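J.: okay, predicted coordinates and the sequence, questions at the end:
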Amino acid sequence: MKNSYENHEVFLGEKNYKIFFGQNILENCNSVFKNYVFGEKIIVVYDSSLEKNHLSRLMTSLDGFNTNLIKVKSGEKSKSFYSLNILLNQILSLGVTRNTILVAFGGGVIGDLVGFAASILLRGVKYIQIPSTLLAQVDSSVGGKTAIDTPQGKNLVGAFYQPRLVLADLTTLDTLPLRQILAGYAEVIKYGLINNPDFFEWCETNGSDLINGDLGLRAHAVEKSCFIKAQVVARDEREAGLRALLNLGHTFGHAFEVEVGFGKKLLHGEAVAMGTIAAFEFSQRLGLCSGQDVVRIREHFRAVGLPIDISSVVTKKWTTDKLIHHMGKDKKTEGDNLTFILARGIGQAYIETDVPAEALRVLLSDLLLT
Ligand code: NAD
């Protein structure tokens, strides 16, 4: 891969923005920033884990801009009212105007937190995403969903608020632990499973090398994922319909996450991986897709080292009732009916608003027993 970068555009009318991805974007981002920042104050909010290897790469490049720094502790706990309150106070103390630009430098946690802060500060200030995890580069930094978690559930307080720019430097992934790369890869596979069977096949061929660090393959995965996501978001920014497809595996996955408690025991991407398998098994039981599809997906997950079964995290406290209760609290549900993303095959996901409750109960109790 050459030492340069490519870009894609998310088309959202007046809110269009570019996604740049490639190598060493951090070192070169001043040239991109020059097109977006004209003397305004920049506040870079960064994940504490980036301090050692990446922060100076970015800040050296931003030398000459009016920059301020705020550190946020790494981890899902930072997506809370408590952290938001501290962050807003820190930003306000620095002095903020409508022209101030926030920069979210980190993974999905920082992106969601800073994006939400940007949406409510002075009723909205601009923000730029510089995603540093695979999950954030292929998913969370694009599309403008911002949120924090509450004790009642994940992402329950937030806003649709698009960034002005996304800069994904693939070399930040060099320091990302394998487990986090895998968690991000679960979201990459998702795009193939939703509506792009050829991309799933590409994942089957290239997934292991991508995970092991091949930059060219990572670039392709980021490009393809952002392209598919941008297309969906452009057609349905506020998830009135089509965008819900991107939640494949998430209704199950969120229920698992709530039950485990957010944190290192079960990463978001791992929960999505287990939830994706559950969604395809459910689809198979309902006669929608073939058993062969389920076997193929399970085999690919197993081959790359993604978790498949919830047995590794289930405890005796888990019950089908509790899982269904969590699913009912998921934002993707409507009224009393549970809405799921199911599939008629690989690359043929669809939104099912009338899920047979008894079949769901049987599936969940089988999952808990295995
Ligand atoms: P994360 O932000 O917690 O990052 C994962 C871990 O990697 C953290 O410990 C972090 O400190 C560390 N890290 C970050 N960059 C690093 C780097 N370059 N090198 C070494 N370590 C690094 O988690 P994530 O997986 O990026 O994001 C998960 C969050 O994203 C969840 O809160 C989820 O709800 C959210 N999400 C949002 C959307 C959306 O559309 N807004 C989509 C998917 C997920």
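T.: Done, it's in. Fair warning: this is a prediction, and the values are worked out from it, not measured in the lab.
J.: what strand or helix carries residue 282?
T.: Counting by DSSP states H and E, the element that carries residue 282 is helix 268-285.
J.: sorry, that was for residue 44
T.: Going by DSSP H and E, residue 44 is in strand 42-47.
J.: partners of that strand, with directions?
T.: Note on strand 42-47: by DSSP bridges, its sheet partners are strand 67-72 (parallel), strand 101-106 (parallel).
J.: of those strands, flag the one that's most buried.
T.: Ranked by mean neighbour count, these are led by strand 101-106 with a mean of 27 (mean count of other C-beta atoms under 10 Å). No exception for glycine: its C-beta is placed from N, CA and C like everyone else's.
J.: following that one, which helix or strand shows up next?
T.: Taking DSSP H and E, what comes next after strand 101-106 is helix 108-120.
J.: for the ligand, tell me whether that following helix is touching it.
T.: Yes: using C-beta under 6 Å from any ligand atom, helix 108-120 reaches the ligand at 108-110, 112.
J.: what angle separates the helix holding residue 282 from helix 108-120?
T.: Using axes from the mean of the first three to the mean of the last three C-alpha atoms, to 10 degrees, the direction of helix 268-285 lies 100 degrees away from that of helix 108-120.
J.: any idea how far helix 268-285 is from the chain center?
T.: 16 Å (C-alpha atoms, centre = their mean, to the nearest Å).
J.: average model confidence for the helix or strand following it?
T.: Sequence order places helix 291-304 as the next helix or strand after helix 268-285, per DSSP H and E. Mean per-residue pLDDT for helix 291-304: 97.
J.: how about stretch 57-74?
T.: Mean predicted lDDT for stretch 57-74 stands at 97.
J.: flag every residue of the protein that's near the ligand.
T.: Applying C-beta under 6 Å from any ligand atom, one finds that the chain approaches the ligand through 47, 49-50, 74-76, 79, 106-110, 112, 132-133, 135-136, 139-140, 143, 145, 154-155, 172, 175-176, 180, 183, 268-269.
J.: contacts for stretch 295-312?
T.: Residues from elsewhere that reach stretch 295-312 (C-beta atoms under 8 Å, 6 or more residues apart in numbering): 178, 182, 185-186, 189, 193, 200, 203-204, 207-208, 211, 256, 270, 273-274, 276-278, 280, 346, 367-368, 370.
J.: just give me the longest strand of this protein.
T.: Using DSSP state E to define each element, the chain has its longest strand at strand 153-160.
J.: how about it: buried residues?
T.: Residues of strand 153-160 classed as buried: 153-155, 157-158 (neighbour count, 16 or more other C-beta atoms under 10 Å).
J.: restricting to C-alpha, output that strand in PDB.
T.: Written as PDB, here are the backbone C-alpha positions of strand 153-160 (Å, rounded to 0.1, in the frame of the first residue of the first chain):
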ATOM      1  CA  GLY A 153     -29.100   0.300  28.900                       C
ATOM      2  CA  LYS A 154     -26.600   1.100  26.200                       C
ATOM      3  CA  ASN A 155     -26.700   4.200  24.000                       C
ATOM      4  CA  LEU A 156     -30.100   5.300  25.500                       C
ATOM      5  CA  VAL A 157     -29.200   9.000  25.600                       C
ATOM      6  CA  GLY A 158     -27.800  10.500  22.400                       C
ATOM      7  CA  ALA A 159     -28.400  12.200  19.100                       C
ATOM      8  CA  PHE A 160     -28.000  11.800  15.400                       C
END
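J.: helices of the stretch 151-300 of the chain, start to end?
T.: Ranges of helices in the stretch 151-300 of the chain, per DSSP state H, counting those that start in this stretch, are 178-195, 197-211, 215-235, 250-260, 268-285, 291-304.
J.: out of the ones you listed, the one nearest residue 357 is which?
T.: Comparing the helices of the stretch 151-300 of the chain by their distance to residue 357 (C-beta to C-beta), the top pick is helix 268-285, with 12.2 Å.
J.: now do the closest one against strand 153-160, angle only.
T.: Interaxial angle, helix 268-285 versus strand 153-160 (the same axes, to 10 degrees): 100 degrees.
J.: ramachandran angles for the most centrally placed residue in the chain?
T.: Centroid-nearest residue in the chain, with C-alpha atoms, centre = their mean: residue 140, separated by 3.4 Å. Residue 140 adopts backbone torsions of phi -70, psi -20, taken as degrees, to the nearest 10.
J.: nearest residue to it in space, please, no chain neighbours.
T.: residue 108 (3.7 Å; C-beta to C-beta, 6 or more residues apart in numbering).
J.: neighbours around the one you found, how many?
T.: Using other C-beta atoms under 10 Å, residue 108 has 25 neighbouring residues.
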